[in-house]
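Enquirer: got a predicted model here, sequence first, then my questions.
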Amino acid sequence: MPVEMHVADIDSPGIRDEQERVSPSKSFSITFTLNDKTVSIAVGAKEVLVDTLREHFGLTGTKKACGTGDCGACTVLIDGKAVRSCILLTASVAGRKVLTIEGLGDEEHIHPIQRAFVDVGAVQCGYCTPGMILTAKALLDKNPKPSEDEIKEAISGNLCRCTGYTKIVKAITQAAQKLA
Amino acid sequence: MVTTEFYSPSTLVAALELLDQYKRQAVIVNGGTDIVERIANGTIDPAAIIYIQRVAELKEIRESDGVVRIGGAVTYEEVLDSPLSSQFSALKQAVLEVGSPAIRVVGTPAGNIGTAVPAGDCSVALMALDAEVVAASKQGERVIKLADFVVDYRRTSLAANELIKEIRIPVIPGVNTASAFVKLANRKAQDIAQASAAVRLTVEGDVCRDIVVAMGSINKVTVRARSLEKIIAGKRVADAADAIKSIVPAEVALGGPGNELFAARPTAKAEREYKEAVIGVVVERAIKKAYAEVLGRRN
């Protein structure tokens, strides 16, 4: 006798229902500067910046880890200041300058802070790294000769589960010396 | 089904007009560090988002008539950078304990008050500093003492078409008055207070002439510890601090009618025992911290 196999329907209504209970967003256009280029895109009223960066622009260097603004993996710079892109409405960055890790440097044009992280061995899984590097950039732009305590205070909102932070602090110290 | 709109008014008049139109169907996004998370995960579903960071009138910090006025859209970082706030040690100390640097760049004291959760560090400090809130609507303005402003967990006395225009703090009158904030939390940053306290202390010699005490995370709202204030006033500071160290103030309320939200938590009993055990010590530390500031000025 044939046995009926019930395979879970991957298009199951559960998740869709969840999304349908929430109102759709009005879509409208905003213009801002992204990694030194002017961009104009359509955004939703409730869209958050980390999703826009990752999904619209394909800039996946910015990570969405906790989604609640507590871990720092989503850190980007807005007008030079480190902020949490997972709890920031994209619509609110109209007219502002956004910098992601991709805008700071890459393999061909490595930024001294990135170089220091690599040289010191401050990268393990790499998930906290873009947030840490951008936070370091915001710090060093404002305070080129930070003390160890000032570095620790600056990264106090960036969680790392791998390194124990010692190498990260060392990398930022080294970058500060290089940039001075 | 409604489509959520986004507005970014650049004047207070425009913001108040929108708020009057939408009333409770709209949410104010200020710094957004609490509310945007709730929007993003669908906990709240507004018909309109009114983003107020571009309203210039709400971005001012100024002093007049013996009062420092902090605009409703001023961020924590802007408070720290302003010379007008340096006299309010409790406020500076509280702001430095909020979240982490990235949160302080966008978060706001007004948002902290408006969110009305008992662990709000800034709210506790502002309550001890005897702050007032100016609520504005299309119809006009009214001034509400902070202690009367929060009515329940996540509920303030703001009308449906009102927003917080300004926070007013009476200036520190002289060298014999100082304030302090103490927060007990598991982590040094990015954590919520288990128990917190702020005081504003005025001394004459080594005797406490006047004290305002506020406490956080020990009730469904931030509260004035008026019962402690009565015990402390008139005593030598050192004696007063010792006296209140092991007291569980009457304003601590964890469980019981009206506090079902807390009582329903599986850890409620342990939390209650812990908080009742530590709150007196937290207040004592705040008193000693404020007193140390007064003594420091004398040297």
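Expert: Noted; the coordinates are in hand. Remember, predicted model here, so these are calculated numbers, not experimental data.
Enquirer: burial of residue B:171, as a residue count?
Expert: Using other C-beta atoms under 10 Å in any protein chain shown, residue B:171 has 15 neighbouring residues. (Glycine included, C-beta is placed from N, CA and C.)
Enquirer: same thing with residue A:80?
Expert: Quick note: residue A:80 (other C-beta under 10 Å) scores 11 neighbours.
Enquirer: the one 10 residues further on too?
Expert: Neighbour count for residue A:90, taken as other C-beta under 10 Å: 24.
Enquirer: for it, grab phi and psi.
Expert: When read as degrees, to the nearest 10, the backbone of residue A:90 gives phi -60, psi -40.
Enquirer: just the pLDDT at it, thanks.
Expert: For residue A:90, the pLDDT comes out at 98.
Enquirer: surely it touches residue A:50?
Expert: No: here residue A:90 does not reach residue A:50: they are 9.0 Å apart, not a contact under C-beta atoms under 8 Å.
Enquirer: quick check: residues of chain B near chain A?
Expert: Neighbours of chain A within chain B, by C-beta under 8 Å from any C-beta of the partner chain: B:1-6, B:8, B:29, B:32-33, B:36-37, B:39-42, B:45, B:47, B:49, B:51, B:53, B:77, B:99-103, B:105-106, B:188-190.
Enquirer: can you turn the buried part of those into a PyMOL selection?
Expert: Buried members of those, defined by 16 or more other C-beta atoms under 10 Å in any protein chain shown, are picked up in PyMOL with:
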select buried, chain B and resi 4+5+6+8+29+32+33+36+37+39+40+47+49+51+53+77+99+100+101+102+103+105+106+189+190
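Enquirer: for chain A, what's the nearest residue on chain B?
Expert: Nearest residue of chain B to chain A (C-beta to the nearest C-beta) works out as residue B:100 at 2.4 Å.
Enquirer: in strands only, show me the residues of chain B next to chain A.
Expert: Among those, the members found in strands (DSSP state E) are B:5-6, B:29, B:49, B:51.
Enquirer: farthest-apart pair in those, please.
Expert: Farthest-apart pair in these is B:5 and B:29; separation 12.2 Å (C-beta to C-beta).
Enquirer: can you list residues touching both of the two?
Expert: Residues touching both residue B:5 and residue B:29 (C-beta atoms under 8 Å, 6 or more residues apart in numbering or on different chains) are residue B:49.
Enquirer: related to what we said a few turns ago, what residues are up against the residue of chain B closest to chain A?
Expert: A:72, A:156-158, B:189-190.
Enquirer: for the stretch 51-200 of chain B, give me the ranges with low pLDDT.
Expert: Applying pLDDT under 70 to the stretch 51-200 of chain B flags no residue at all.
Enquirer: residue boundaries of the helices in it?
Expert: Assigned by DSSP state H, counting those that start in this stretch, the helices in the stretch 51-200 of chain B fall at B:76-81, B:89-97, B:101-106, B:109-115, B:121-128, B:146-149.
Enquirer: determine the longest helix present in chain B.
Expert: If each helix of chain B is counted by residues according to DSSP state H, the longest one is helix B:268-298.
Enquirer: tell me what that helix is packed against?
Expert: When contacts are defined as 3 or more C-beta pairs under 8 Å, 6 or more residues apart in numbering or on different chains; DSSP states H and E, helix B:268-298 sits against helix B:89-97, strand B:177-184, strand B:195-204, strand B:207-216, helix B:237-244.
Enquirer: same thing but at 6 Å, please
Expert: If you count contacts as 3 or more C-beta pairs under 6 Å, 6 or more residues apart in numbering or on different chains; DSSP states H and E, helix B:268-298 packs onto strand B:177-184, strand B:195-204, helix B:237-244.
Enquirer: residues touching whatever residue of chain A ends up closest to chain B, list them.
Expert: Closest approach of chain A to chain B (C-beta to the nearest C-beta) occurs at residue A:157, with a separation of 2.4 Å. Residue A:157 makes contact with A:72, B:100-102, B:190, according to C-beta atoms under 6 Å, 6 or more residues apart in numbering or on different chains.
Enquirer: excluding covalently adjacent residues, which one is nearest to it?
Expert: Using C-beta to C-beta, 6 or more residues apart in numbering or on different chains and skipping the chain neighbours, the partner closest in space to residue A:157 is residue B:100 (2.4 Å).
Enquirer: where does that neighbour fall, phi/psi-wise?
Expert: phi -160, psi 170.
Enquirer: related to what we said a few turns ago, residue A:133: which of the helices of the stretch 51-200 of chain B is closest?
Expert: Proximity to residue A:133 (C-beta to C-beta) singles out helix B:101-106 among the helices of the stretch 51-200 of chain B, at 13.7 Å.
Enquirer: least trustworthy helix or strand in chain A by mean pLDDT?
Expert: Lowest by mean pLDDT, DSSP states H and E among the helices and strands of chain A is helix A:13-21, with a mean of 44.
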